[in-house]
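*Asks:* here is a sequence together with a model predicted from it:
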Amino acid sequence: MPFETILLSYDGSPHARRALDAAVELVRATGADLHVVSTPEPAMPAIVVAPYGDIATMPLTEEQIEEAAAAIREDVLAAARAAGIAEPDLHVRRGDPVANAMSVADATGADLIVMGRRGLGALGSLALGSVSQAITHRARCACMTVI
Ligand code: ATP
Ligand code: MG
């Protein structure tokens, strides 16, 4: 079997939705296990100008994280059900999406990471977002970026 453990990195964006569809199809074709890692983040980061001119993005509240996690769970379960595959294992984390993808990839023994080329912040003209670029750079297994 080419791939036994597939890890999808999912941010809920339209790009990641296409990566979800691709991952589910791959699982159906190969019988691989599917894990999903997600680090909820604001869709449009609110810019906060802190005292002394520091600029930071406003973190999500606990409630917003719970809401995002529920929406992610719903997306993933609906796609899995539609494809008739087993319920994927969901890993919702806080912090850095790249570090989280790496640690879940290691913990699950993933041999393929699937992600979108761009994500929630797809406003610029870059072909590859910073998260997919960093995951591809740091991963110790095969990576697939879905257009
Ligand atoms: P940037 O974030 O650099 O402004 P972007 O949002 O367009 O650009 P990325 O964030 O690199 O692009 O998103 C590319 C893919 O990486 C997404 O489709 C998704 O598969 C994955 N990804 C991005 N952010 C997260 C996240 N917070 N949690 C899980 N997966 C993520
Ligand atoms: Mg992003």
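*Replies:* Here it is on my side, so go on. Ligands and ions are numbered 1, 2, ... in the order given.
*Asks:* pull up the residues of the protein that are close to ligand 2.
*Replies:* Contact residues (CB under 5 Å from the ion) of the chain with ligand 2: Gly119, Leu120, Gly121, Gly129. (Each C-beta comes from the backbone N, C-alpha and C, glycine too.)
*Asks:* the nearest residue to Leu126 once chain neighbours are set aside: how many residues sit nearby?
*Replies:* Leaving aside its sequence neighbours, Leu126 sits nearest to Arg118 (CB to CB, 6 or more residues apart in numbering; 7.6 Å). Applying other CB atoms under 10 Å, we find 23 other residues in the vicinity of Arg118.
*Asks:* in what helix or strand does Arg118 lie?
*Replies:* Using DSSP states H and E, Arg118 maps to neither a helix nor a strand.
*Asks:* can you pull out the helices in the chain?
*Replies:* Assigned by DSSP state H, the chain shows helices spanning 14-30, 62-83, 97-108, 130-138.
*Asks:* same list, those, but as CSV with distance to Leu8 and mean pLDDT please.
*Replies:* Converted to CSV, the helices of the chain look like this (distance: least, CB to CB, whole Å; pLDDT from 0 to 100):
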stretch, distance to Leu8, mean pLDDT
helix 14-30, 4, 97
helix 62-83, 8, 96
helix 97-108, 10, 98
helix 130-138, 11, 97
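*Asks:* nearest to ligand 1: which residue in the chain?
*Replies:* Gly129 (1.8 Å; CB to the nearest ligand atom).
*Asks:* my guess is that residue contacts Arg118. True?
*Replies:* Yes - look at Gly129 against Arg118 with CB atoms under 8 Å: they come within range, at 4.7 Å.
*Asks:* let me know whether the residue nearest to Leu126 touches Ser132 as I believe.
*Replies:* Yes - under the criterion of CB under 8 Å, Arg118 makes contact with Ser132 at 7.4 Å.
*Asks:* OK, contacts around the residue lying closest to Ala83 once chain neighbours are set aside?
*Replies:* Excluding the flanking residues, the one nearest Ala83 by CB to CB, 6+ apart is Val24, at 4.4 Å. For Val24, the contact set (CB atoms under 8 Å, 6 or more residues apart in numbering) comprises Leu34, Ala79, Ala80, Ala82, Ala83, Ile85.
*Asks:* picking up where we left off before, what sits against the residue nearest to Leu126?
*Replies:* Arg118 makes contacts with Ser13, His15, Leu126, Leu128, Gly129, Ser132, as judged by CB under 8 Å, 6+ apart.
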